[in-house]
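A.B. asks: fold the following and give me the result.
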Amino acid sequence: MKTVFLRALEVGEKAATLHAAIREPKVAMGRQRFDVDPREFSSIPTSPFAYWVSPYIRKLFSQLSGFESQNPERRATKGLATTDDGQFLRVWWELQPPRIRDVWSTFARGGPTSPFYADLSTYVLWENDGARLKAYLDHKIGKSGQWSRWINSTNYYGRAGVTWALRAPRFSPQALPKDSVFSVRGYAAFAEEKDLSFMLAVFNSSIFDYLFKLALGRFGHPEFVVGVLQWLPWVENGSLQVKSQLGRLASRAWSLKRGIDAGKETSHAFVRPALVQAPGVTLESRAESWADYIRSSEVELASLQLEIDDLCFDLYGIDEADRRVISQGFGESSAVLIDIQA
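C.D. replies: The predicted structure is shown next:
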């Protein structure tokens with residue numbers, strides 16, 4: 001038996017929208033009115049109360065393999081918690097360069113939303129595979145071998161991958177460089193090295209963000225936990241050409257964002273101060289040149305994101321109606337419906 005759901009979340013004139021959806025159900029169908037059998041919710045493992053999602057989107061969860069299911073090289077996992085950041089963490093400019101590589105490792109611990117690229121300014125004390133941290137954690141319990149309660153997936157430490165913040169408005173992972181460690185709040189995912197750029201592109205696409213939030217049952221600022229990502233629908237049928245194209249787009253986005261970082265003195269990417277890099281005769285002209293460079297980079301990044309979204313929509317077989325919902329929501333349709341019924 002189907003249940004009728006009415007939606008007026010995105011509009012200001014909620015009463016008028018609801019009234020129109022009831023009075024003209026055929027006009028409102030698929031925009032503000034949805035007739036759905038609640039049993040269909042179980043087609044997604046977490047059974048979210050997502051009445052507005054099309055049957056095709058729901059079927060993706062059963063028709064496609066999960067992220068980890070078909071390839072043992074693909075893995076999403078969590079890292080470590082020091083339980084005492086003041087003792088075991090430092091920002092990189094606090095450390096003496098000769099000691100950094102032997103004693104400390106770059107540490108991915110989440111942070112602001114930053115798709116494709118983010119500089120890792122934090123380091124964790126990881127000399128001799130974290131011997132000091134492990135001893136400290138064992139001492140807390142009073143028994144040896146207990147450090148694994150806080151330190152996970154050590155066999156993935158040092159591998160290149162993808163990392164992201166636990167909570168964010170959008171799923172926006174960044175490249176995880178080699179020789180890094182990751183935390184329990186800066187999750188990480190791994191694949192064969194040749195597939196990492198492709199994975200970074202798909203992870204940053206609008207369709208993957210939508211599927212992730214749908215599975216979580218929350219579209220605000222959800223926690224993008226690895227336990228859900230592990231079984232999210234993953235595309236295996238893309239051509240080598242499309243995968244290569246997505247990889248190039250993600251690499252270009254990474255390069256653009258790192259280029260902007262080259263003017264920040266607190267970044268590992270720092271080369272020279274921004275006003276020294278920028279062309280110009282006066283400080284004012286150099287500042288304008290750098291601002292133009294930032295603007296042009298942001299315009300290109302937006303264009304790259306659109307290309308990635310289109311290619312990933314194609315990979316997942318998303319039609320125009322679902323693309324519109326994913327990209328725009330239902331707000332515009334609601335306004336049109338009110339105008340039609342007025």
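A.B. asks: show me the helices in this structure, by range?
C.D. replies: With DSSP state H as the criterion, the chain has helices at 14-23, 25-28, 55-63, 85-88, 97-103, 131-141, 196-203, 206-216, 226-229, 240-261, 274-277, 283-315, 320-328, 331-341.
A.B. asks: tell me which of these sits most buried.
C.D. replies: When you average the neighbours per residue for each of the helices of the chain (mean count of other Cβ atoms under 10 Å), helix 196-203 leads with a mean of 25. For glycine as for every other residue, the C-beta is placed from the backbone atoms N, C-alpha and C.
A.B. asks: so that helix versus helix 206-216, what angle?
C.D. replies: Comparing the axes of helix 196-203 and helix 206-216 via axes from the mean of the first three to the mean of the last three Cα atoms, to 10 degrees yields an angle of 60 degrees.
A.B. asks: and the angle for helix 196-203 with helix 283-315?
C.D. replies: 80 degrees.
A.B. asks: for helix 196-203, packing partners?
C.D. replies: On a contact count with 3 or more Cβ pairs under 8 Å, 6 or more residues apart in numbering; DSSP states H and E, helix 196-203 meets strand 161-165, strand 174-176, helix 240-261, helix 283-315.
A.B. asks: at 7 Å what do you get?
C.D. replies: strand 161-165, helix 240-261 (3 or more Cβ pairs under 7 Å, 6 or more residues apart in numbering; DSSP states H and E).
A.B. asks: about what we covered before: just put the helices of the chain in JSON lines and tack on mean pLDDT and distance to Thr46.
C.D. replies: Shown next, in JSON lines, are these (pLDDT from 0 to 100; distance: least, Cβ to Cβ, whole Å):
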{"stretch": "helix 14-23", "mean pLDDT": "82", "distance to Thr46": "27"}
{"stretch": "helix 25-28", "mean pLDDT": "76", "distance to Thr46": "28"}
{"stretch": "helix 55-63", "mean pLDDT": "93", "distance to Thr46": "9"}
{"stretch": "helix 85-88", "mean pLDDT": "96", "distance to Thr46": "32"}
{"stretch": "helix 97-103", "mean pLDDT": "77", "distance to Thr46": "42"}
{"stretch": "helix 131-141", "mean pLDDT": "95", "distance to Thr46": "32"}
{"stretch": "helix 196-203", "mean pLDDT": "98", "distance to Thr46": "19"}
{"stretch": "helix 206-216", "mean pLDDT": "96", "distance to Thr46": "6"}
{"stretch": "helix 226-229", "mean pLDDT": "95", "distance to Thr46": "7"}
{"stretch": "helix 240-261", "mean pLDDT": "96", "distance to Thr46": "27"}
{"stretch": "helix 274-277", "mean pLDDT": "94", "distance to Thr46": "45"}
{"stretch": "helix 283-315", "mean pLDDT": "97", "distance to Thr46": "22"}
{"stretch": "helix 320-328", "mean pLDDT": "91", "distance to Thr46": "19"}
{"stretch": "helix 331-341", "mean pLDDT": "38", "distance to Thr46": "26"}
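A.B. asks: now those in a markdown table, with distance to Tyr187?
C.D. replies: Formatted as a markdown table, these follow (distance: least, Cβ to Cβ, whole Å):
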| stretch | distance to Tyr187 |
| --- | --- |
| helix 14-23 | 37 |
| helix 25-28 | 40 |
| helix 55-63 | 21 |
| helix 85-88 | 18 |
| helix 97-103 | 24 |
| helix 131-141 | 19 |
| helix 196-203 | 11 |
| helix 206-216 | 12 |
| helix 226-229 | 5 |
| helix 240-261 | 18 |
| helix 274-277 | 32 |
| helix 283-315 | 21 |
| helix 320-328 | 23 |
| helix 331-341 | 32 |
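A.B. asks: so which of the ones you listed comes closest to Thr77?
C.D. replies: helix 226-229 (5.7 Å; Cβ to Cβ).
A.B. asks: what about that closest one, distance to the chain center?
C.D. replies: 12 Å (Cα atoms, centre = their mean, to the nearest Å).
A.B. asks: quick one: residues contacting Ser114.
C.D. replies: Ser172, Gln174 (Cβ atoms under 7 Å, 6 or more residues apart in numbering).
A.B. asks: so where's the stretch 51-200 of the chain shaky on pLDDT?
C.D. replies: 98-99 (pLDDT under 70).
A.B. asks: how about Trp231, nearest residue that isn't a chain neighbour?
C.D. replies: Gly66 (3.7 Å; Cβ to Cβ, 6 or more residues apart in numbering).
A.B. asks: likewise Tyr210?
C.D. replies: Going by Cβ to Cβ, 6+ apart, Tyr210 has Ile326 as its nearest residue, at 4.8 Å.
A.B. asks: before we move on, back to that, quick one: which of the helices of the chain is nearest Arg159?
C.D. replies: Among these, helix 196-203 sits nearest to Arg159 (Cβ to Cβ), with 9.7 Å.
A.B. asks: got the contact list for Ser47?
C.D. replies: Phe41.
A.B. asks: circling back to that earlier point, select, out of the helices of the chain, the one closest to Asn152.
C.D. replies: helix 226-229 (10.0 Å).
A.B. asks: and this protein, what are its domains?
C.D. replies: Per the record, the chain has its domains at 3-53, 75-229, 240-336, by automatic domain parsing.
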